[in-house]
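[1] let's see this in three dimensions:
(2 chains)
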Amino acid sequence: MHFEALVEVRLRPGIADPQGQTIERALPALGFEGIAAVRTGKAIRLSVEAADEAAARRRVEDLCQRFLTNPVIEDAVISLEPLSPLERQ
Amino acid sequence: MTTRVGVVLFPGTNCEHDVIEALARLGADASLVWHGERSLGDVDAMVLPGGFAHGDYLRPGAIARFSPVMGAVSDFAAAGGPVVGICNGFQVLTEAHLLPGALQKNAGLRFLCTPVDLEVASDRSVLTAGVEVGRRLRIPINHFEGNYLCDPATLDELRAEGRVVLRYVDNPNGSVDDIAGIANAAGNVVGLMPHPERASDPLLGSADGLVLFAALLASAGAGVSR
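    This next block holds a predicted model:
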C-alpha cells in the first residue's frame, strides 16, 4: 500500500524560535491584534510504501528520528493517509 | 616531520583554501579530502571547514553527516585523531553526534559577519592545548546558525569536564553560556563557530587564529606514533 505522509517538524517546547518571535512582533504593525504563540516549523510531504498504516508510521518515525529532525531541538508530528492508485499517478 | 592535515571538501564548502593557506603558513602539509572518499589517507589531523555543505538543505550538516567521508572521520576521531570543525564543520560534527548539542538560528535572527573577541576557556582540547586559559583572541564569525544549545545535563558535563573551549566575550548570537567552541570528552574533537583561518595574517586584521592552528598542529604532531 502507498500512503501520503505529512511530517510537521516543530521546534521542541522551550526552544527559542527567533523566526516565530519576529513574525509575532510584526503582526500589530499589520493590524493583526490578539495573535500570540507564533511558532515556525517545516512541513515535509512524502509518499511511502508499506504493508499497512502501522508499518508506514514506523518507517516515517524512523526517518524523522534519524534524518528529518534534529532531536536535540526538534520533534515531528506525522499524519498518514492511504493513497488510491489513481492519486499515485 | 611535516604534519599532514586533511581538509574535507563537501559540495558547498567554501573555506577550504583559506584553511589550507593558514595551515601551510605554519608549515603543515594540508590537502583536500573529497567528501565521497571512504578513506582519509595518511593524515595526522582533520579539519571540516566552513561553508554550506550540501546547500545546508534540511538543516546545516544534516545531509553532510551521511557523506561517505564521515565514516572515516568518525573512525579517525574514535582512534584519538584530532578533528576540528569550523562553523559549518561544527554543525556537521553535532549532526554526526561527534559533539553534543545543536546550533540554532542566531537569537537576533541576523546573519552575523564580524570580528569578535573570544576567551580561551579550557586548554583541554587539541585546539587549545598549551594556550593560556583566559587569553583573548580576536577572530571573525560568519554564520546564521551559531546559537549553541544543549540540554542542562550536557551543559553541566561540558563545564565540569573543561569541555567549553572558547567563549564569546560579548555574546553575539544567544549561545548558552556564551559558548563559541566545545570539545568531546577526550578533547580530540573540537567544534567552533569562529573562523581562525580568517584571522591568520595581520593584513586580515588579526593573526590570532594561528594560535589555535599552531596548538592543533602541535597536538597532531605529538600523536604521530598513533
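[2] so where's the chain uncertain?
    Since no chain was named, I'll use chain A. For chain A, the stretches flagged by pLDDT under 70 are A:85-89.
[3] looking at chain B here, not the other one
    B:223-226.
[4] could you pull out the strands for it?
    Under the criterion DSSP state E, strands of chain B are mapped to B:4-9, B:29-34, B:45-48, B:83-86, B:102-104, B:112-120, B:136-143, B:147-149, B:164-168, B:179-183, B:189-192.
[5] run the chain-centre distance for stretch B:135-146.
    11 Å (C-alpha atoms, centre = their mean, to the nearest Å).
[6] ok so, going back, compare the strands of chain B and give me the one nearest chain A.
    When these are compared by C-beta to the nearest C-beta, strand B:102-104 sits nearest chain A, at 4.0 Å. (Glycine included, C-beta is placed from N, CA and C.)
[7] buried ones in the closest one?
    Neighbour counts over strand B:102-104 (16 or more other C-beta atoms under 10 Å in any protein chain shown) mark B:Ala102, B:Leu103, B:Gln104 as buried.
[8] mind listing the residues bridging to the last one?
    For B:Gln104, the beta-bridge partners under DSSP bridges are B:Asn147.
[9] which parts of chain A are strands?
    A:2-11, A:41-49, A:74-83.
[10] return the most buried member of those.
    strand A:2-11 (a mean of 18; mean count of other C-beta atoms under 10 Å in any protein chain shown).
[11] what separates that strand from the chain centre, distance-wise?
    5 Å.
[12] which residues does that strand contact?
    Identification of contacts with strand A:2-11 by C-beta atoms under 8 Å, 6 or more residues apart in numbering or on different chains yields A:17, A:39-50, A:53, A:56, A:60, A:63-64, A:68-69, A:73-83, A:87-88.
[13] each with direction, which strands does it pair with?
    Partners of strand A:2-11, by DSSP bridges, with direction: strand A:41-49 (antiparallel), strand A:74-83 (antiparallel).
[14] just put those in TSV and tack on distance to B:Glu37.
    Compiled in TSV, the strands paired with strand A:2-11 are given as follows (distance: least, C-beta to C-beta, whole Å):
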stretch	distance to B:Glu37
strand A:41-49	30
strand A:74-83	30
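[15] as a check, name the ranges of all helices in chain B.
    Per DSSP state H, chain B carries helices over the ranges B:16-25, B:69-78, B:88-95, B:152-160, B:209-222.
[16] and the third one, anywhere near chain A?
    Spelled out, it's helix B:88-95. Yes. Against chain A, helix B:88-95 shows contacts by C-beta under 8 Å from any C-beta of the partner chain at B:Thr94, B:Glu95.
[17] which helix is the longest one in chain A?
    helix A:53-63.
[18] that one vs chain B: in contact?
    No. Judged by C-beta under 8 Å from any C-beta, helix A:53-63 stays clear of chain B, getting no closer than 11.6 Å.
[19] other residues contacting that helix?
    For helix A:53-63, using C-beta under 8 Å, 6+ apart, the contacting residues are A:Met1, A:Phe3, A:Ala5, A:Val7, A:Leu46, A:Val48, A:Glu49, A:Ala50, A:Ile78, A:Leu80, A:Pro82.
[20] could you give the bridge partners of the fifth one?
    As for beta bridges, A:Leu46 partners with A:Ala5 under DSSP bridges.
[21] now for it: which residues touch it?
    A:Glu4, A:Ala5, A:Val7, A:Val60.
[22] what is the neighbour count of the last one?
    Going back to what we said before, that points to A:Val60. By the measure other C-beta atoms under 10 Å in any protein chain shown, the count of residues near A:Val60 is 23.
[23] how about the residues of chain B by chain A?
    Counting by C-beta under 8 Å from any C-beta, the residues of chain B near chain A are B:58-59, B:62, B:66, B:94-95, B:101-102, B:104-109, B:147, B:149-151, B:174.
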